[in-house]
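Visitor: next input, structure requested:
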Amino acid sequence: MTKTVTVKKLVVLSLIPLFIALFVTQRADAIRLVKADQNGRIEPNNDNPTTQVSSISIADARKQSVGSSVSVAGRVTASNQFGSPAFIQDSSAGIAVYDYTFADSVSIGDSVQVSGTLDDYQNLLEIKNVTFKVISTPRDSVKPTVITISQIGESYEGQLITIKNATIQHSGAFSAEANYNITDATGTAIMRIDKDTDLPGSIAPMGKTNITGILGQYKTDYQLMPRDTTDVGVGNITYPGSDVPMSETFDVATWNMLWFGNASNGPTDDHLQLVNALKVIRHINADLYAVEEVSDPAMFQQLLDSLPDYHGFEANYSQVQKTAFIYKTATVDSLDSHLVTDAGSSYDWANGRYPLEFTFNAKVNGKNKLIYAYVIHAKASTSDPATDYSRRVAAATALKNYLDQNHSQDNVMILGDYNDDVDESIYNNETSPYASFVSDSADFDVITYPLSENKYSSFVDGTEMIDHITISNDLKPNFFTGTERIENTAAYVPDYSQTTSDHYPVWARFKLDTATPIAKQVTEQKPKQITLEQNYPNPFNPSTNITFVLPKRETVSLDIYNILGQNVGKILNHQALPAGSHTYRFDATNLPSGIYFYRLESSSGTVETRKMTLLK
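Guide: Numbering: from 1, shown residues only. Sure thing, here's the model as predicted:
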């Protein structure tokens, strides 16, 4: 018995050093005493050999079968720029890491160790079921590998790459969740604009450019995914008045809600569509929404009941797809509403889908303005696009005549799904059905026209700008110039196009007292001389707005000059204008990129000049 006890004591005593070693290893691991090279690969820590981490190269991990458990280390090349997955890379390869916590916890350049299970999502190899830790080493971004389009393939999947001297086969603005072809001297590839990046809405560069991004894969297509505007070499999109609270402006939106409440034709989950619609309305927080394709009155009422600060009403025609208004009770004092049945034939208005008029007082900061708002849902292009186009032309012309006859001196808004563009028709590049509004600059302003000029799309497939807002010139001094925009709902509504709508909301801001903060400042100071403001946007492509303020009636000329002093554009030629703020749009479609000057000269002898940049 005594001998047996002695043996047990010896065994226990012999295990103590092992327990201590394990404890030290765990403690050292917990305080991250792990070294990493410049690519994020884990190196042996010769100062403390017990802290070595058992991991394999990413290239070796990519060779494992799906479902295998792997542990790798590398540098973060994309964190939450795509929401998830994130991407990491070492000196051998790159790989996706599908885990939102990981994506939100790391930054580009962090050295990390990631363990998890290999998975194949639509042919993109990724690690999921992730555990990870950030290595205590200085942040260092991975340098992208320069390749040609012809080299794109499996060996570069998951890596940060650069395609030099590439051309993006697109002009104008990028849409969210859209693919664009890019080319170089060796071939053609796909560039993907992810909804979570800051790229949606930015203007595609013209000519050859360098494009950096992560090489991903979806089904059979490799996709180059830029992480932000710097990866493509474009500027950030900003809107004037970002510092002006919405409580000081009157904001309006138009939104086609896609068979709202009709699961047979629209999104298949009515409840999710309702939840997402509420999310969109609250996020934009507009004072007035003109909406189209409301198909279930009960669900529309449920929407209103879930918005205690809003009221609303539908059109009373017989179609399943109805137009409607939703408005804030604090800023909109409802006066009247009715269908405008004498603004064209029933046939031209999609067999009875007449404009819905809403008369109200807009109220902001003690200022009131009587407004006549119209929501329209024009005839869509179906099996006979030529006839449908003719019907849109007839309907738009009749509406213009009606407004000229009945509201020529009133504040008018026309919001809706125009089912056509305003610069030219989506049908065969014909003249836009709304050309009569565009050309009548003395009475109307299509304030969303710049979105068409810059090739924005209110349709989720990135092809068409068919949702618009037009105002009468009586409201033009109140329009917050440059605030017209397409809402990137895909950034905060998952699977937006499948669950909510195939149109993005389009909205703009108004100030009931003055046009812009600049105009307000000029008014308050009561200037005694002409003021020429900086153009907006700047840089621009291809159009920009030039604003100046006259303290009294003047005859003025407004000219554009290139850097050589050559006159390349004349906007005003000895035009007599009243006192006040004046804004004119300059289109530089036919001019090359460069520095230009715009010069305002008055009959009283004042000459003002400012510089602007055209960036194509």
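Visitor: what sits against residue 229?
Guide: Residue 229 makes contact with 197, 198, 199, 202, 235, 236 under the criterion C-beta atoms under 8 Å, 6 or more residues apart in numbering. All C-beta atoms are positioned from the backbone trio N, CA, C, and that covers glycine.
Visitor: now the last one: closest residue in space that isn't a chain neighbour?
Guide: Take residue 236 and drop its neighbours on the chain: the residue closest to it by C-beta to C-beta, 6 or more residues apart in numbering is residue 229, 5.5 Å away.
Visitor: please report how far that neighbour lies from residue 382.
Guide: The gap separating residue 229 from residue 382 is 38 Å, by C-beta to C-beta, to the nearest Å.
Visitor: again with residue 349
Guide: 15 Å.
Visitor: same thing with residue 153?
Guide: Counting by C-beta to C-beta, the gap from residue 153 to residue 382 is 42 Å.
Visitor: just residue 544 next, same as before
Guide: From residue 544 to residue 382 the distance is 37 Å (C-beta to C-beta).
Visitor: looking at these two, which has the bigger crowd around it?
Guide: Between residue 544 and residue 382, residue 544 has the larger neighbour count (other C-beta atoms under 10 Å), namely 24 against 8.
Visitor: mind listing residues that contact the helix or strand containing residue 87?
Guide: Following DSSP states H and E, the helix or strand that holds residue 87 is strand 86-89. Residues from elsewhere that reach strand 86-89, judged by C-beta under 8 Å, 6+ apart: 39-40, 58, 72, 74-80, 94-97, 99, 102-103, 106, 112, 114, 142, 158-160, 214.
Visitor: the same query, at a cut-off of 7 Å, please.
Guide: Taking contacts as C-beta atoms under 7 Å, 6 or more residues apart in numbering, the residues outside strand 86-89 that touch it are 40, 58, 74-80, 94-97, 102-103, 106, 112, 114, 142, 158-160, 214.
Visitor: low-confidence ranges, the protein, go.
Guide: 1-53, 514-528 (pLDDT under 70).
Visitor: show me the helices in it, by range?
Guide: With DSSP state H, the ranges of helices along the chain come out as 2-30, 58-62, 100-105, 229-232, 270-284, 297-305, 385-406, 435-439, 449-453, 496-499, 517-525.
Visitor: which residues touch residue 437?
Guide: Residue 437 neighbours (C-beta under 7 Å, 6+ apart): 400, 444, 446, 470.
Visitor: residues near the closest residue to it other than its chain neighbours, how many?
Guide: Nearest non-adjacent residue to residue 437, counting by C-beta to C-beta, 6+ apart: residue 444, 4.7 Å away. Residue 444 has 24 neighbouring residues, counting by other C-beta under 10 Å.
Visitor: I'd assumed residue 606 was in contact with residue 532.
Guide: No. Counting by C-beta atoms under 7 Å, residue 532 sits too far from residue 606 to count as a contact (9.1 Å).
Visitor: which of the two has more neighbours?
Guide: Neighbours per residue, other C-beta under 10 Å: of residue 532 and residue 606, the larger number sits with residue 532, 18 against 15.
Visitor: who are the neighbours in contact with residue 186?
Guide: Residue 186 touches 148, 149, 150, counting by C-beta under 7 Å, 6+ apart.
Visitor: how far away is residue 345 from residue 172?
Guide: Residue 345 is 35 Å from residue 172, by C-beta to C-beta.
Visitor: of the two, who's got more company?
Guide: Taking neighbours as other C-beta under 10 Å, residue 345 and residue 172 compare with residue 172 leading, 18 against 14.
Visitor: apart from its neighbours in sequence, what residue is nearest that one?
Guide: Nearest to residue 172 is residue 455, by C-beta to C-beta, 6+ apart, at 2.0 Å.
Visitor: now the one you found: how far from residue 486?
Guide: In terms of C-beta to C-beta, residue 455 sits 12 Å off from residue 486.
Visitor: check contacts around the closest residue to residue 413 other than its chain neighbours.
Guide: Nearest residue to residue 413, sequence neighbours excluded (C-beta to C-beta, 6+ apart): residue 373, at 4.4 Å. Neighbouring residues of residue 373 by C-beta under 7 Å, 6+ apart: 288, 290, 358, 413, 415.
Visitor: mind running it again at 10 Å?
Guide: Contact partners of residue 373, counting by C-beta atoms under 10 Å, 6 or more residues apart in numbering, are 252, 288, 290, 325, 327, 332, 337, 355-360, 362, 411-415, 471.
Visitor: show me just the buried residues among the residues you listed.
Guide: When the contacts of residue 373 are checked for burial by 16 or more other C-beta atoms under 10 Å, the buried set is 252, 288, 290, 325, 327, 332, 337, 355-358, 360, 362, 411-415, 471.
Visitor: is it correct that residue 411 is in contact with residue 403?
Guide: No. The pair residue 411 / residue 403 is not scored as a contact, 11.4 Å apart, by C-beta atoms under 10 Å.
Visitor: shared neighbours of the two, anything?
Guide: 372, 472.
Visitor: residue 367: neighbour count?
Guide: There are 14 residues near residue 367, going by other C-beta under 10 Å.
Visitor: how about it: which residues does it bridge to?
Guide: residue 364 (DSSP bridges).
Visitor: tell me how many other residues surround residue 571.
Guide: Neighbour number of residue 571 under other C-beta under 10 Å is 17.
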